[in-house]
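Visitor: got a predicted structure plus its sequence, pasted below:
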Amino acid sequence: MQGLVDFATDIADGISVVLPAFCYLAALGCFMFFGWTLWTWSQPHRHHHHHWHRPWVPIVSLVLCGVFASFPKFLSMTNVSLGTDAVVSLGQYAPTTPPTVSTSVLGNSPQQSVLNVVQLFQYFFEAFGAGCIFWAILRWRGIINGHVQGSPTSCGIQFLFGACCMNIMTIATGIVNLFQTGG
């Protein structure tokens, strides 16, 4: 079990290293798209541009440029909206030490077993949740740009799933408390 926890923590470390780079590349891409769209609209053949009938697309890209450039603050606001006070820091890398698996992972009750397992894999859930939020925003941008087929509602559901994964310990504790009170 310790090997699985170590592996999951290493994957979480990898995600937390790669995600800021993806965020800054997405911010740069959104800004370049904004500039390119404004430049092509100033040309005489602008009626042939595929975003001519959707003038909000470059503005949304400019706003998303700011979201991607300040992604850790955006994730912190998401955590506060979900009821926690966790602050996200993707800019400074500090390798996480995997939690040590004790011999009593199962605990005294099924509820305690669930909390123990969730606590062991908490780093992975947090990094995976941040990645889900990033890809939900990126996919939403593709949908409104007309490059990806899909529903913006599915992006909202993916965003909510990522926010729940980032706050997995709070959610698991709440569910365990709900079952303990019989509610």
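Guide: Yep, that arrived.
Visitor: now the strand or helix carrying residue 77: average pLDDT?
Guide: Per DSSP states H and E: residue 77 is located in helix 71-81. For helix 71-81, mean pLDDT is 73.
Visitor: may I see the buried residues of it?
Guide: Buried residues in helix 71-81, defined by neighbour count with 16 or more other C-beta atoms under 10 Å: 71-72, 74-76, 78-79. Quick note: C-beta positions are derived from backbone N, CA and C, even for glycine.
Visitor: can you give me the helices in this structure?
Guide: 2-41, 56-69, 71-81, 110-120, 122-145, 152-166, 168-181 (DSSP state H).
Visitor: packing partners for the first one?
Guide: In other words, helix 2-41. helix 56-69, helix 71-81, helix 122-145 (3 or more C-beta pairs under 8 Å, 6 or more residues apart in numbering; DSSP states H and E).
Visitor: need the pLDDT of residue 168.
Guide: What the model reports for residue 168 is a pLDDT of 86.
Visitor: number the chain from 23, please
Guide: Understood, numbering begins at 23; the last thing we discussed is residue 190.
Visitor: distance of it from residue 171?
Guide: The gap separating residue 190 from residue 171 is 31 Å, by C-beta to C-beta, to the nearest Å.
Visitor: ranking the helices and strands packed on helix 24-63 by burial, who's on top?
Guide: helix 144-167 (a mean of 20; mean count of other C-beta atoms under 10 Å).
Visitor: for that helix, packing partners?
Guide: For helix 144-167, the packing partners by 3+ C-beta pairs under 8 Å, 6+ apart come out as helix 24-63, helix 78-91, helix 93-103, helix 174-188, helix 190-203.
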